[in-house]
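Enquirer: using only what follows, build the 3D model:
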Amino acid sequence: MIEEEERPAIEKRAQKHRKGDRGEKMSAAVSHPKPSAVAPSAKRGPAPPNPHRPSNNVQVGHQRSNLVFADLTKHLLAGGEKDVEVSALGAVIADAVDVVEILKNQGMVTVTKIETSRRAAPNARGHVADKISIWVVKAPGFDDKYRDQMAERSRKATATAASNSDASKK
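Expert: As a prediction, the model looks like this:
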């Protein structure tokens with residue numbers, strides 16, 4: 001266990017070696033709450049829905065796999081959305097392009113519009129954030145391919161559940 005007197009020195013060393021995306025040193029201090037200060041029921045759940053975000057928008061980020069965003073786009077299109085906007089800011093622009101390329105390679109979508117922009121970031125540091133928005137629609141044969149993919153996913157889940165229950169019986 002780290003003593004409270006040692007914590008500032010360790011934080012200072014960690015801060016000295018930590019780098020940001022562009023190589024500059026980060027200025028935020030690391031804070032470590034005491035174990036007793038964190039309530040066991042303080043787990044984070046899903047974020048509440050954003051009323052300002054359109055329902056047909058997939059915002060690509062770095063915290064999940066590109067396949068998750070590709071699946072979300074497919075589900076939105078299968079759920080009745082006419083077109084879906086796949087968007088990203090800054091360093092994850094390439095990931096948004098990858099998501100759309102995954103869908104195009106599967107023959108699921110057609111790109112209808114690509115828009116790029118640069119805007120002031122909301123962090124008040126004066127940095128700018130590049131943005132890409134790619135609008136996609138269902139490609140011909142989307143519904144059949146989507147139905148086949150969901151059936152295959154269901155078969156795999158059933159087979160995995162059956163093998164797990166067999167293994168637990170032994």
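
Enquirer: can you pull out the helices in the chain?
Expert: Assigned by DSSP state H, the chain shows helices spanning 7-17, 66-78, 93-105, 142-169.

Enquirer: dump those helices to a markdown table, plus mean pLDDT, distance to residue 134 and mean neighbour count.
Expert: (Each C-beta comes from the backbone N, C-alpha and C, glycine too.) Output for the helices of the chain, formatted as a markdown table (pLDDT from 0 to 100; distance: least, C-beta to C-beta, whole Å; neighbours: other C-beta atoms under 10 Å):
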| stretch | mean pLDDT | distance to residue 134 | mean neighbour count |
| --- | --- | --- | --- |
| helix 7-17 | 56 | 37 | 11 |
| helix 66-78 | 94 | 10 | 19 |
| helix 93-105 | 96 | 5 | 18 |
| helix 142-169 | 86 | 17 | 11 |
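
Enquirer: could you dump those helices into CSV and include distance to residue 52?
Expert: Output for those, formatted as CSV (distance: least, C-beta to C-beta, whole Å):
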stretch, distance to residue 52
helix 7-17, 35
helix 66-78, 17
helix 93-105, 20
helix 142-169, 29
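
Enquirer: quick one: which of those helices is nearest residue 133?
Expert: helix 93-105 (8.4 Å; C-beta to C-beta).
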